[in-house]
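# Okay, sequence plus prediction incoming.
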Amino acid sequence: MKLSLAPTNRRILIIDDMPSIHQDFRKILSPDAQNEQTLAGTEEALFGTEQPSRPTFLLDSAYQGEEALELVKRAQAEGRPYALVFTDMRMPPGWDGLETIERLWQADPHLQIALCTAFSDYTWEAMAERLAFGDQLLVLKKPFDSLEIRQMASALTWKWQMAQDAAIKMLSLERTIEDRVQELLKVSHLLQYDVLTGLPNSTLLGDRLTQSLALSRRHDKQLAVIFLGLDRFKRINNALGHPVGDEMLKRVGQNLVATVRESDSVFRYGSDEFVVILADIHHPQQTKGVAEKLLKAVSAQQHIAGHDLSVTASLGISIYPDDGFDAVPLIKKAETAMHNVKESGLNDFSFFIDDMNQRAREQQNIESGLRLALERDEFVLHYQPKLDLRTGKVVGAEALIRWLKPGHGWVYPTDFIGVAEDSGLIVPLSKWVLTQACQQARAWQLAGLPAISMSVNVSAIDFRQRDFVDGIVKILEQTGFDPTLLELEITESVLMQNVEATVLTLRAIKALGVRLAIDDFGTGYSSLSYLRRFPVDVLKIDQSFIRGLNSDNNDDTLVSAIISLGKSLNLNIIAEGVETLEQLDFLKAHQCEEGQGYFFSKAVLPQEFVQLLTDSQQTSPRT
């Protein structure tokens, strides 16, 4: 780009308190134009040579530094700045030359300045301390002659103009570079993003998937790749035209993005194919739920160009690390699974590995069975006693759910709680458990048995329900159970999610009189500072630490530290998983208040628990 540079700025400001000095400057820099022209004409006539034109300077006068500052500010505001200032050193009664220079540079840092001085007011060192003797300041020693003034005026105004021209060139260069960068960014975006849907394309898929796999390896997490192909999509293009088909593709892409989490990614892979990366997958049941949501999102009816349209999709799923460790194999296997779905039946999903398909079907069977079990009342509560280690008496019970599945027998929580959480069935299931436990404890009281605490486990999903506390209140009112005898067990990991909201919920529960216990303590993430904030009553030491007591590891020290910590916070300490006399002796020696485990009893049916409760009231502590 060709630059149009301005002519040299010859505007000069003269600052001196003596009017005669101003007249001298004008005689030197602005001699009478008519005389100059006459002299030049005479020389040309006599010698036959054309005389070069002299630069024309525009001069303004100021008699004090304050007046000069106003002129400089006004010149800048008008867009006609001064290029050069001649300033005297002494200008009583106002500012001297040094202060004037300082003030002028504050207003216009680009000014070229010539300081006229006899070096009698300040030493060179004193001047150097106040002013930076750079290339914008020259010192003109008095007395001076006209040649010095002319040379300095010409050179410094030319220098000012060169600096401004260089700045213009630099600004133009920066703009050119910025424009080029923006062009490159646009090209890069076109190479990595689909123009139609705005989604990242297959070029970016490999990089993003490789990064996600690296994070999954680092944090020992699973990852799912879902390959999605629209079913018979060409029929829309053929029947209604490509503009309608393009709009449908955009709508499908938007629905896919709206369905997955922010941590997941959606890509347009081909003309009617998409790929979804699901990070942080715990088990196939979770992936199954997402696949079902994606199928539903794709099939949502769309009104386009006067037509009500819908389309279905076939999904193939591969899992890291089961199906591979790298991006390309995982994409290929997910695509293979998608094609298998298209061959066997549309609008469905399939995992790449048959074994995983089997596991997904098993999860589906469990979910269906849970729904029926809730309807048919197939669940049963067992109760594991909690003993006072000093007296050996049963002082509480933990309610543990069992599923008595017809034709199968007992099904334990580890086999169905995960499915219940993923399907949302955990909420009605937990309400059933809490209701049954409170009813049973109240029935024992009415039968004349000693009042004991009843412990019920709370899942993360339960705890995050908006009506969780209201549900507790309702159940207590329905059953007539004393809230001070109810103890809710919550894991550390649940408590550490959104701490501020957690504290508010815990306080609301405590206001009811209900006791709170941190379950599996020692396996979570809570720190002492957070523990002080939580209004809890009980710490339950995780059974994995109790199991390691009296072994060649650090569990003895850890359990002892947890007991000491709990006592320092005035909390009750319960040890889970007590199975040997040696473990019991250790806990008693370290003054742990309560314990539960197979050494005392496994979880039993209500009638068996009654016998354990009765017997404990009549016997001495076990030693």
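The structure has been received and is ready for your questions.

# Which single strand of the protein contains the most residues?
As assigned by DSSP state E, the longest strand anywhere in the chain is strand 394-405.

# and that one, what other elements does it pack with?
helix 354-376, strand 379-388, strand 409-411, helix 426-446, strand 453-457, helix 606-616 (3 or more C-beta pairs under 8 Å, 6 or more residues apart in numbering; DSSP states H and E). Quick note: C-beta positions are derived from backbone N, CA and C, even for glycine.

# Residues contacting the second one, please?
Same thing as strand 379-388. Strand 379-388 is touched from outside by 373, 393-404, 429, 432-433, 436-437, 440, 453, 455, 574, 593-596, 600-606, 609, 612-613, 616, with contacts defined as C-beta atoms under 8 Å, 6 or more residues apart in numbering.

# Drop anything exposed from the residues you listed.
Buried by 16 or more other C-beta atoms under 10 Å: 373, 393-403, 429, 433, 436-437, 440, 453, 455, 574, 593-596, 600-601, 603-604, 609, 612-613, 616, out of the contacts of strand 379-388.

# For the stretch 251-400 of the chain, give me the ranges with low pLDDT.
Filtered on pLDDT under 70, the stretch 251-400 of the chain yields the residue ranges 284, 354-360.

# how about a cut-off of 80?
282-285, 343-344, 353-363 (pLDDT under 80).

# what about the strands in it?
Assigned by DSSP state E, counting those that start in this stretch, the strands in the stretch 251-400 of the chain fall at 265-270, 273-281, 302-304, 307-309, 313-320, 349-351, 379-388, 394-405.

# would you turn those into TSV with distance to Asn9?
Formatted as TSV, the strands of the stretch 251-400 of the chain follow (distance: least, C-beta to C-beta, whole Å):
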stretch	distance to Asn9
strand 265-270	57
strand 273-281	61
strand 302-304	63
strand 307-309	68
strand 313-320	68
strand 349-351	75
strand 379-388	92
strand 394-405	89
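
# For Ile366, which of these is the nearest?
strand 394-405 (9.6 Å; C-beta to C-beta).

# and the angle for the closest one with strand 379-388?
160 degrees (axes from the mean of the first three to the mean of the last three C-alpha atoms, to 10 degrees).

# okay, strand 394-405 in CSV with CA atoms only?
Provided in CSV are the C-alpha atoms of strand 394-405 (Å, rounded to 0.1, in the frame of the first residue of the first chain):
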residue,chain,number,x,y,z
VAL,A,394,-26.7,-52.3,70.4
VAL,A,395,-27.3,-48.6,70.2
GLY,A,396,-28.3,-48.2,66.5
ALA,A,397,-29.0,-49.9,63.2
GLU,A,398,-28.0,-49.2,59.6
ALA,A,399,-30.8,-49.9,57.1
LEU,A,400,-29.5,-51.7,54.0
ILE,A,401,-31.7,-52.5,51.0
ARG,A,402,-32.0,-55.9,49.4
TRP,A,403,-34.0,-57.0,46.4
LEU,A,404,-35.8,-60.3,46.7
LYS,A,405,-36.1,-61.0,43.0
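
# Pull the distance from it to the chain's centre.
Distance, stretch centre to chain centre, for strand 394-405: 41 Å (C-alpha atoms, centre = their mean, to the nearest Å).

# What strands flank it, and is each parallel or antiparallel?
Applying DSSP bridges to the sheet, strand 394-405 is found paired with strand 379-388 (antiparallel), strand 409-411 (antiparallel), strand 453-457 (parallel).

# okay, the angle between it and helix 426-446?
Relative orientation of strand 394-405 and helix 426-446, computed by the same axes, to 10 degrees: 130 degrees.
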